[in-house]
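> Give me a model of this one.
(chains A and B)
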There are 2 protein chains.
Amino acid sequence: VTSTVLHLAMAGGREFDAIRELLAIWGDVAVGIGDDAAVLVPPTDASLVVSTDACIEHVHFRSDWLTPYEIGGRAATAALSDLAAMGARAQSVLVSLTVPQDWRARLGEVARGIGDVVRMAGGRIVGGNISRSQTFGITLTAIGAAVQPVSRRGAQPGDMVFVTGVLGGPGAALDAFTRGHTPADWLRTRFASPVPRLAEGEWLAARGVTAMIDISDGLHADVAHLARASDVEVVLDATRIPCGLSLTPAEALASGEEYELLGTAPAGVASALGEAFAREFALPLTWIGAVEARTGAAPVRITGIAAERDARVEIAGGHDHFTG
Amino acid sequence: VTSTVLHLAMAGGREFDAIRELLAIWGDVAVGIGDDAAVLVPPTDASLVVSTDACIEHVHFRSDWLTPYEIGGRAATAALSDLAAMGARAQSVLVSLTVPQDWRARLGEVARGIGDVVRMAGGRIVGGNISRSQTFGITLTAIGAAVQPVSRRGAQPGDMVFVTGVLGGPGAALDAFTRGHTPADWLRTRFASPVPRLAEGEWLAARGVTAMIDISDGLHADVAHLARASDVEVVLDATRIPCGLSLTPAEALASGEEYELLGTAPAGVASALGEAFAREFALPLTWIGAVEARTGAAPVRITGIAAERDARVEIAGGHDHFTG
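Have a look, this model is predicted:
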């Protein structure tokens, strides 16, 4: 998917000025702007993978907790993480911004945050759209290529369940912000500057992973998505969940916007896969559970946790973008 | 680009309910929802063409002028029209909706409008995103395939300039609404239910058209976009502009959101092309100007119009999504 021509849909004077400013900031991470649509060379040896994701002020972020640069970067990570979960390489990103007057001066920093994450992911910005609005929002469409796309539907009884990274940081940071506290540095970094696990996802897809999803809603909720989609049940061992320093499994289960990868693989390959992954990426891959045949009980059972109800309560209060 | 798997990024209970409602409405125009990203089979004999477009309440539409069904349909037309301008066939659409509480009950009709236009265009909805927001907005990403993509940069001195359809309706309807009047039926239809010229664009791309753009900002503004992108000057003969009944060339020049196609072709093929087009599509294709070498004057000169200044004044007040 090499971009040859591309476009920012636009109209009128000041919008052109904003686009020129963004293009100057993006430099060579944006290519060829100017047409009604971007023309891409399709991959010849891979499937196309596409996803769209919106980050809306007051719903997905608050500008008193994050810098404009971080807000842009997180939006790009959220969109690219969907490609990572499919085992896809990032190729092209389309950027749609809705901008109230009081965000106009911060737009450059938002764009810089988007551009840096897209660049680090090896992608290019190939088009977009800027519009006035009463609400600041970033809607990104990510286009990638996957030789072996991994769905969330392939988990089989007998598989083991893994998760990358160390969990709980974003949830704990959010909790601190909500209480009016300042989160510890590593919590804030995990919340403000998450990284899409693209190389990791592609690597895992090439090594027999049966199902994969990224952790955006929280480990508990996303294990449930994967289990329901695969029509299986998952038993998680809470004592094995890789929790950040001083955080509990309950906190790790409820913490959303982690953008770590959660997946399943046949038990026979688990041990070798985990060791090879940790060597390759200097990032832990931890086996936290097992896939069982569906019995009709809940899609996720959690063992080894005294305060399981605490986790459920936090999850119930978690990510519901339609609940006011 | 046949969709095999796809996704609506989402989180939480009521959002799932909204997605289920939309999927029921879309029926077979939406396919395979459920993964982090949609997996598409890339075209083997064509380029990929992608574009994103946002329609925001109070910026791009007012809900007292249009029904929710029309608002959805217009958003889909605006996005698909960008593919038409490239000479591409529509394949896949990603739908991102930002929904305030008071729009929740109207969401189904908006979705129906989007779905009907996507279906008529021969496309499929392959994914999307729903989020709460203080502002209602529809951001659509359209993915298509073009055997011969047409940019807006290919116009050559000696080419003739054509436009499809009959112009002025949307602008006149907008003018009536703004003055508190009820527009005549045909004006309202052109404003509320425009059609993306996809088959027309693909047909023209296969027949030697040198540059093309859709009319979203207004004929005058979009001719200027094409002329600047091609580094040429265009001389328009206002007496040849196909104006709607009782409308003036000045009105036709300023009327935006037409979603007709504007383009250029070598003078030698013009006459035959226009006749064949009109036979094929029962839609006029009119030659309205000529392409000349760049002299450094304005990119567009208009002859045959007494009230050229009127057109300019209206254009100056036209589509600037960052002004006001």
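> Identify the residues contacting A:P194.
The neighbours of A:P194, taking CB atoms under 8 Å, 6 or more residues apart in numbering or on different chains as the test, are A:74, A:77, A:81, A:170, A:257-259. Backbone N, C-alpha and C define where each C-beta goes, glycine included.
> For chain A, just list every one of the helices.
Secondary structure of chain A (DSSP state H): helices located at A:13-26, A:68-85, A:107-120, A:169-178, A:185-192, A:198-205, A:219-230, A:249-254, A:267-281, A:308-316.
> weakest of these in terms of mean pLDDT?
If you rank the helices of chain A by mean pLDDT, helix A:308-316 sits at the bottom with a mean of 45.
> which bits of the stretch 151-300 of chain A sit near chain B?
A:151-153, A:213-214, A:216-217, A:221, A:229, A:256 (CB under 8 Å from any CB of the partner chain).
> now that we have these, which one has the most neighbours?
Counting neighbours by other CB atoms under 10 Å in any protein chain shown, A:D214 comes out on top of these with 28 neighbours.
> Pretty sure that one sits against A:E260.
Yes. Using CB atoms under 8 Å, A:D214 makes contact with A:E260 at a distance of 7.1 Å.
> What is the neighbour count of A:R207?
A:R207 has 15 neighbours, counted by other CB under 10 Å.
> Repeat that for A:T239.
11.
> One more: the one 4 residues further on?
The criterion is other CB under 10 Å. On that basis, A:C243 has 21 neighbouring residues.
> distance of it from chain B?
22 Å (CB to the nearest CB, to the nearest Å).
> For the residue lying closest to that residue once chain neighbours are set aside, give me its contacts.
Nearest non-adjacent residue to A:C243, counting by CB to CB, 6 or more residues apart in numbering or on different chains: A:A252, 4.5 Å away. Going by CB under 8 Å, 6+ apart, A:A252 touches A:167-168, A:171, A:219, A:241-244.
> which of those sit farthest apart?
Farthest apart among those by CB to CB are A:G171 and A:P242. That separation is 13.9 Å.
> Which one of the two is surrounded by more residues?
More crowded of A:G171 and A:P242, by other CB under 10 Å: A:G171, with 27 against 18.
> what's the closest non-adjacent residue to the more buried one?
In space, A:G171 is closest to A:S255, 2.8 Å off (CB to CB, 6+ apart).
> and that neighbour, how many neighbours?
32.
> quick one: contacts for it?
A:167-172, A:174, A:215, A:218-219 are the contacts of A:S255 under CB under 8 Å, 6+ apart.
> Redo the residues you listed as a markdown table? Include distance to A:A146.
Formatted as a markdown table, these follow (distance: CB to CB, whole Å):
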| residue | distance to A:A146 |
| --- | --- |
| A:L167 | 25 |
| A:G168 | 29 |
| A:G169 | 28 |
| A:P170 | 26 |
| A:G171 | 29 |
| A:A172 | 33 |
| A:L174 | 31 |
| A:I215 | 19 |
| A:G218 | 25 |
| A:L219 | 24 |
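> Closest one of the residues you listed to B:R62?
A:L174 (36.5 Å).
> before we move on, the earlier item: relative to A:G165, how far out is the residue nearest to A:C243?
Distance of A:A252 to A:G165, given as CB to CB, to the nearest Å: 10 Å.
> ok, the residue nearest to A:G171 to chain B distance?
13 Å.
> and what of A:L167?
Plainly put, A:L167 is 17 Å away from chain B if you go by CB to the nearest CB.
> can I assume A:P242 is in contact with A:V166?
Yes. With contact defined as CB under 8 Å, A:P242 and A:V166 form a contacting pair (4.9 Å).
> Identify the contacts common to these two.
Common neighbours of A:P242 and A:V166 (CB under 8 Å, 6+ apart) are A:P284.
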